[in-house]
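K.L.:
Any chance you can model this:
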Amino acid sequence: MEKKTIGTTIAELRKKNGMTQAELAEKLGITDKAVSKWERDLSCPDIATLPKLCEILGISVDELMQGAVMEKKGAQPEKIKDLIYTVLRALSLAMGVAVAVISIVDRIEMEVAAMMLGFGLACLSVASFLKDEEE
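P.N.:
Residues are numbered from 1 along each chain as shown. Coordinates of the predicted model:
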């Protein structure tokens with residue numbers, strides 16, 4: 001998402017809510033000139049004004065301070081793929097380390113070690129497939 005300024009965000013949300021600068025100013029008990037300065041990024045809302053402003057605009061103070069309304073659609077598909085890729089690689093590494101450590105202390109049967117390594121390799125190959133598909 002493109003980073004927006006606080007002023008741009010205020011202007012967009014004010015318009016989205018069907019308000020003029022004068023109407024927003026009246027609800028806040030300030031002048032429309034102050035709202036105009038905010039929207040042109042010549043000044044910022046007073047900290048005492050922020051909670052009421054955000055309530056009127058229908059966003060949180062955090063969202064306004066970040067300069068844009070956060071997406072509320074949940075996780076994005078590319079981030080989910082990255083997470084899956086990371087988890088699969090971590091699992092393959094964990095299986096390899098586990099087999100190495102357990103075999104050092106001589107507490108693992110060969111069949112179990114082979115299954116663990118096979119699982120790790122399967123995770124690694126799926127992770128590689130996901131990465132190749134992405135590129």
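K.L.:
For the closest residue in space to R14 that isn't next to it in sequence, give me its contacts.
P.N.:
Of all residues not flanking R14 in the chain, L24 sits nearest, at 5.3 Å (CB to CB, 6 or more residues apart in numbering). Using the backbone N, CA and C atoms, a C-beta is placed for each residue, glycine as well. Listed by CB atoms under 8 Å, 6 or more residues apart in numbering, the contact set of L24 reads R14, D32, V35, I56.
K.L.:
For the third one, the count of nearby residues, please.
P.N.:
In other words, V35. 25 (other CB atoms under 10 Å).
K.L.:
Likewise for the second one?
P.N.:
Around D32 there are 14 other residues, counting by other CB under 10 Å.
K.L.:
what does A127 give?
P.N.:
There are 19 residues near A127, going by other CB under 10 Å.
K.L.:
any idea which element it lies in?
P.N.:
helix 110-134 (DSSP states H and E).
K.L.:
Identify all contacting residues around that helix.
P.N.:
By CB under 8 Å, 6+ apart, helix 110-134 touches 81, 84-85, 88-89, 91-96, 98-99, 102-103.
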